[in-house]
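A.B. asks: Predicted coordinates and the sequence they were generated for:
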Amino acid sequence: MALDIGSGIVALAAAIAMAGSAMATAWAEKVVGAAAVGAMAENEALFGKGIVFMVLPETIVLFGFAIAFLLLSKIT
Amino acid sequence: MCRVLIVGPHDSLDPTVDALYSLEVLHILDFLEEDETFKMGKPSAKSASASDSLIKLRSISSILELDELKEKKEVPVEGDVGGKITSLELQISDEDNARKKIESRISAIDLRIKSLEPFSNFPLTLELYSGYDSLQVFTGRVSKGLEGLSGVVKSFELFGHEKFIALFVPKGKASNVQSFLSDRGFVAVDVPEGKGLPSSIIKKLKTEKKGLEKRLEKSQETLNTLREKHAHFLLSAEDFLSIEVEKAEAPLRCCTTEHSFALDGWIPTERYDEVKAGLDRIGTLYVEKIEEEEEESPVLLDNPEPVSRVEFLIHMFSTPDSDELDPTPIVFFVFPLFFGFMIGDIGYGVMMMVLALALQSKLKGMPDFRNLMLIMFWGGLFALFFGLFVFGDAFGIPIFEHMEVQFGFITLKFPLFEKLHDVVNLLLLSIVAAFIHLGIGYVFGFINEVKHNKRHALAKVGWISVLIGFFTLIIVMAYMRDYPPSVATFFVELPQTVGQTIGLNIAFPADWGLVLGGWTISYIAIIFLVVGIIFLVVGEGPLGVVETISLLANMVSYARLAGVAVAKGATANAFNSMLLPWFLGGGIVGLVIGGVFLVLSHLVVFVLGAISSGIQAIRLNYVEFFLKFFKGNGLKFKPFGKAETVSKEV
């Protein structure tokens, strides 16, 4: 399909939203995950709390995902 | 749960412990506050000998490597178990010591051979390397050739010339030769102690080693015979002794006076009569229920099969407090539902079910893992369901295109949603899932709080209102677009449809709202939001207003359901469009190679999909759902003992 330049820019914007939020999530989870595993090594009962904190940053990538889709819906 | 106190004279303690052990029903509260009259009990006399035998037995087991034994057969453990174990221990540890001695001798021989080997090429006995007044001997490795040595020292004798050398020079020239050698990368190697020609010493050692290896084999054989003969007895005896030790140590947990003892603990109320009957048979006991607030009681999650098999997921997060609602039934249903939605494919669903069934029969000894397999099976079933009726996909291949089926007066178009084209609908479905799941969470929260704190309960009502507000807001915004997604249409027109069937003319006023940049902000949503926020401010203070945004974040968080589903569908689709033409149009070669690649690529999608769907599904329960009502930190009910029906299949 042929896209005009405007659509191309929107697609790029969607890609940036996705990539940026994914990197932010990865970085945040790296920090939290390392700490959570450390805490679990001390006390296994912390698994529940650990996993909660560990996955909190995932929401960031979902924001990116939602924005990317809203943007893409502008093209088609 | 009810709290019981069991009091009796010392000589009834043993039968009481036996009875309680086989009932597996009492969660003992350890007695900790000793004073002059009330003391902690002493372990019974047989405890010492039993634990002594147990230690011996475990050392034997580790020598015989019993934990590698695959099958386990119960054999009766009778008679003088301690005596049998002691004599076995003597036999086995003698044999083991002999074996260890041989092993250490063999490794010493290996070391000696290694040190002699470099010297074995020279025709010199070991004595000849030392004991000179006028000669200095250099032995060791060099990395370069020794050309030019005759320039440094005139008279010398050199054995070997590359790599390993033995060099004899006059003492006077020793320091010159030393520096010459170190330029050529010389590393000194000490001459091993001893006498005689190295090559003949090595020969002798090798013969000795052969003999030792034969003896080692024999000793291993003896151990193997012992293992075969006694393995089952030892395993059964270990179980038996562990029980004995646990029973014998029970008095440590109860309170005793000079002539009597008292045991304090919790039992499930419905089993009280059974326990009382069991203990009354002993005769001299006094058993009484103590009136106590249930708040401090340990928690036994009580769900029917198969729901109870999911309890481990709850305990992994935290054990609910005694007055909290048990979320197991919801998780039991929602986890496989989400899991199945994310996979949503007939092929992968069937694979998952087959795999779960196969693994379940293999893993008899690991109850938690088997429970996980059960959930996987349910998840596979839901995936099959979604694949068949919603997405119409098998391994990413659409199985029916634009089929219309007439159900009474409703016409359904299959597939209901195409994974790769109806993303907006899938996102809206995720929001619907969020609405229902979080709604249940807040209702649970309301029920939990209403017993404690009316204001917090009020706040939960506020949250429910805010949730409805956000849901209405999103659905109406989607519905008022030029091409409304079918999910939004369904929900907006739901009141009308329901109204028609019961003969009322009602419709949801979707267009009643504020139009902002092409989006319609429904006034109804705003009313729900405002009412909810007022409740929140009353219930939780002004900070509650800020928190409403986190609820919106929670709802968006469910978009992972759509995200994983689409990503999985897209990956499978990509592999198919690359490999299917090859597979179908490439003759025999294409059929084989394309087939292999196709299987491998789908395996990758399957494994990655199963892992990510599993994690995301449990996360939605742990984070979004549990945090709406679940405080946890309960004490898990751990009954003393083991019921006689130990081998009941889990």
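C.D. replies: Done, it's in. Numbering: from 1, shown residues only, chains lettered A, B, ... in the order given.
A.B. asks: element containing residue 60?
C.D. replies: Just going to use chain A. Take DSSP states H and E as the rule and A:Ile60 turns out to sit in helix A:58-75.
A.B. asks: That was the other one, I meant chain B.
C.D. replies: Assigned by DSSP H and E, B:Ile60 belongs to helix B:46-63.
A.B. asks: can you map out the strands along the stretch 301-450 of chain B?
C.D. replies: For the stretch 301-450 of chain B, applying DSSP state E, counting those that start in this stretch gives strands covering B:393-394, B:397-398, B:403-407, B:410-414.
A.B. asks: Comparing those strands, which comes out most buried?
C.D. replies: Among the strands of the stretch 301-450 of chain B, strand B:393-394 has the highest mean neighbour count (mean count of other C-beta atoms under 10 Å in any protein chain shown), at a mean of 24. C-beta here means a position set from N, CA and C on the backbone, and glycine is covered the same way.
A.B. asks: Which elements pack onto it?
C.D. replies: In terms of contacts (3 or more C-beta pairs under 8 Å, 6 or more residues apart in numbering or on different chains; DSSP states H and E), strand B:393-394 is packed against helix B:346-362.
A.B. asks: Would you mind pulling up the elements that the helix it packs on packs against?
C.D. replies: By 3+ C-beta pairs under 8 Å, 6+ apart, helix B:346-362 packs against helix B:328-343, helix B:367-386, strand B:393-394, helix B:595-619.
A.B. asks: swap the cut-off to 6 Å and go again
C.D. replies: Other helices and strands packing on helix B:346-362, by 3 or more C-beta pairs under 6 Å, 6 or more residues apart in numbering or on different chains; DSSP states H and E, are helix B:367-386.
A.B. asks: Run the angle between the helix it packs on and helix B:595-619 for me.
C.D. replies: 110 degrees (axes from the mean of the first three to the mean of the last three C-alpha atoms, to 10 degrees).
A.B. asks: ok, and the helix or strand in chain A with the lowest average confidence?
C.D. replies: Among the helical and strand segments of chain A, the one scoring lowest on mean pLDDT, DSSP states H and E is helix A:47-55, with a mean of 75.
A.B. asks: Distance check, the spatially most central residue of chain A against B:Ile615.
C.D. replies: Nearest to the mean C-alpha position of chain A, by C-alpha atoms, centre = their mean, lies A:Val61 at 1.9 Å. A:Val61 sits 14 Å away from B:Ile615, going by C-beta to C-beta, to the nearest Å.
A.B. asks: residues from chain B in reach of chain A?
C.D. replies: Contacts of chain B with chain A, taken as C-beta under 6 Å from any C-beta of the partner chain, map to B:316-318, B:423, B:553, B:556-557, B:559-560, B:563, B:619, B:622-623.
A.B. asks: Near chain B, which residues of chain A? Just list them.
C.D. replies: Residues of chain A lying close to chain B (C-beta under 6 Å from any C-beta) are A:47-48, A:51-52, A:55, A:59, A:62, A:65-66, A:69.
A.B. asks: Redo the residues you listed as a markdown table? Include neighbour count.
C.D. replies: Shown next, in a markdown table, are those (neighbours: other C-beta atoms under 10 Å in any protein chain shown):
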| residue | neighbour count |
| --- | --- |
| A:Phe47 | 17 |
| A:Gly48 | 17 |
| A:Ile51 | 20 |
| A:Val52 | 17 |
| A:Val55 | 24 |
| A:Thr59 | 21 |
| A:Leu62 | 20 |
| A:Phe65 | 24 |
| A:Ala66 | 18 |
| A:Phe69 | 20 |
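A.B. asks: between these, which is closest to chain B?
C.D. replies: Ranked by distance to chain B (C-beta to the nearest C-beta), the residues of chain A next to chain B are led by A:Gly48 at 3.6 Å.
A.B. asks: Can you tell me how far B:Lys206 is from A:Met40?
C.D. replies: For B:Lys206, the distance to A:Met40 (C-beta to C-beta) stands at 52 Å.
A.B. asks: Compare those two and say which is more crowded by neighbours.
C.D. replies: Taking neighbours as other C-beta atoms under 10 Å in any protein chain shown, B:Lys206 and A:Met40 compare with A:Met40 leading, 15 against 11.
A.B. asks: coming back round to it: for the residue nearest to the residue nearest to the centre of chain A when sequence neighbours are not counted, give me the pLDDT.
C.D. replies: Excluding the flanking residues, the one nearest A:Val61 by C-beta to C-beta, 6 or more residues apart in numbering or on different chains is A:Thr25, at 4.2 Å. With respect to pLDDT, A:Thr25 scores 92.
A.B. asks: Okay, A:Thr25 and chain B: tell me how far apart.
C.D. replies: 11 Å (C-beta to the nearest C-beta, to the nearest Å).
A.B. asks: What about that residue, how many residues nearby?
C.D. replies: 20.
A.B. asks: Would you mind confirming that it makes contact with A:Ile60?
C.D. replies: Yes. Using C-beta atoms under 6 Å, A:Thr25 is in contact with A:Ile60, at 4.7 Å.
A.B. asks: Taking chain B, what residue is nearest to chain A?
C.D. replies: Using C-beta to the nearest C-beta, the single residue of chain B nearest to chain A is B:Phe317, 3.6 Å away.
A.B. asks: circling back: for the least confident helix or strand of chain A, which outside residues touch it?
C.D. replies: Residues outside helix A:47-55 that contact it (C-beta atoms under 6 Å, 6 or more residues apart in numbering or on different chains) are A:32-33, A:36, A:39-40, B:316-318, B:619, B:622-623.
A.B. asks: out of these, what pair is the most spread apart?
C.D. replies: A:Gly33 and B:Ser318 (19.7 Å; C-beta to C-beta).
A.B. asks: Just the residues contacting the helix holding A:Ile60, thanks.
C.D. replies: Contacts of helix A:58-75 (C-beta under 6 Å, 6+ apart): A:7, A:10, A:13-14, A:17-18, A:21-22, A:24-25, B:423, B:553, B:556-557, B:559-560, B:563.
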